[in-house]
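Q: sequence and computational prediction follow.
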Amino acid sequence: MRTLRLMGIGGALAYRALFNWTTPAMYTGTLLAGPTFQLLFFAYLGRQLQVADDRFFIVGNAVLAASTACVFGGTMAVANERRYGTLGHVLLSPRSRTVVFWGRVLPYAGNGLLIAAFTLLMGVLLLGLRIPAPALPGLALALAAGSLACGFFGLTLGALGLRFRDVWVVSNVSAALLLLLTGVNVPRDGPPDWMITVGQLLPITHAAEAARLLAAGRGLDAAAPALGRELLVGAGYAVLAALLLKVFEAESRRRASLETL
């Protein structure tokens, strides 16, 4: 119970302190309007090029919409502590740093789920996508799994901030790779085999696959394998983030570079 309390309350406090949006207008423009216009762009581009139907792009971009908040939020969970000079205080805590930072992912994953659901709703309202009502709980599960995996992916990138000065370059490149390699906007039968293989190891790849199956009315049984793979990818990044945090913390202490910018 104490661990759950630490993850829940600690994550919420860190979210309020470190997530860099200052006004509702900035939040709406960056995290709600931006993904909506991206959805419309790819949907109309797909119509023009006859690459895939609207469902492919609407569902794919809804899953992708969570990545901005989750990937950059997970990065901020570590990098902004260093930026504001408070990282040392966190690392002096007697509580498990792994639990502390894992808890910080949860609010960002929740925010990502909200953004993904909003983007999917815009696809329904603006482009006329029809989703079977029985598929909605499964879709929510797929979006949640993708958001959580993205959050731990972002935390892994944030851990690199203990070793590298400009982790935001890595985050921006990673966000572009999610757009290109995960199959959310590019059908997976087009890219070379190596790109498909890399995409299998990235978050939201399998969540998008599961969400498309559910939106097509295939049922949770058909989507369960993809959901399981997405959760496995998220768990892998959670473990990798914990290991990198421990290794880079020890290295930063040895080099006396913990808060060097």
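A: Okay, I see it.

Q: center of the chain - which residue?
A: Nearest to the mean C-alpha position of the chain, by C-alpha atoms, centre = their mean, lies Cys150 at 2.4 Å.

Q: and that one, how far is that from Arg218?
A: 24 Å (C-beta to C-beta, to the nearest Å). In short, each C-beta sits where N, CA and C put it, glycine included.

Q: swap in Ala116?
A: Distance of Ala116 to Arg218, computed by C-beta to C-beta: 19 Å.

Q: neighbour count winner among the two?
A: Using other C-beta atoms under 10 Å, the more surrounded residue of Ala116 and Arg218 is Ala116, with 32 against 15.

Q: I'd assumed Thr68 was in contact with that one.
A: No. In this structure, Ala116 is not within contact of Thr68 by C-beta atoms under 8 Å, at 10.3 Å.

Q: for the protein, give me the ranges with low pLDDT.
A: Low-confidence segments of the chain (pLDDT under 70): 3-4, 6, 10-11, 13-14, 16-22, 88, 92, 94, 165, 252-261.

Q: and the strands in the stretch 51-200 of the chain?
A: Counting by DSSP state E, counting those that start in this stretch, the stretch 51-200 of the chain forms no strands at all.

Q: all the helices of it, residue numbers only.
A: 54-83, 87-91, 97-127, 136-160, 167-181, 193-200 (DSSP state H, counting those that start in this stretch).

Q: the nearest residue to Ala144 once chain neighbours are set aside: how many residues sit nearby?
A: Once flanking residues are discounted, Ala144 sits nearest to Leu113: 5.2 Å by C-beta to C-beta, 6 or more residues apart in numbering. Using other C-beta under 10 Å, the number of residues around Leu113 comes to 21.

Q: residues contacting stretch 131-141, please?
A: With contact meaning C-beta atoms under 8 Å, 6 or more residues apart in numbering, stretch 131-141 is reached by 113, 117, 120, 124, 210-211, 214-215, 217, 219-220, 223, 227.

Q: one more pass at 6 Å, please.
A: Stretch 131-141 is contacted from outside by Ala211, Leu214, Ala215, Gly217, Leu220, Ala223, using C-beta atoms under 6 Å, 6 or more residues apart in numbering.

Q: phi and psi next, for the fourth one.
A: In this entry, Gly217 is assigned phi and psi values of phi 80, psi 20 (degrees, to the nearest 10).

Q: quick one: contacts for it?
A: Pro132.

Q: make it 10 Å
A: Arg130, Ile131, Pro132, Pro134, Ala135 (C-beta atoms under 10 Å, 6 or more residues apart in numbering).

Q: and if you look at the last one?
A: Under the criterion of C-beta under 10 Å, 6+ apart, the contact partners of Ala223 comprise 135, 138-139, 141-142, 206-207, 209-216, 230.

Q: so which of those residues is the closest to Arg97?
A: Closest approach between the contacts of Ala223 and Arg97, by C-beta to C-beta: Glu230, at 25.8 Å.
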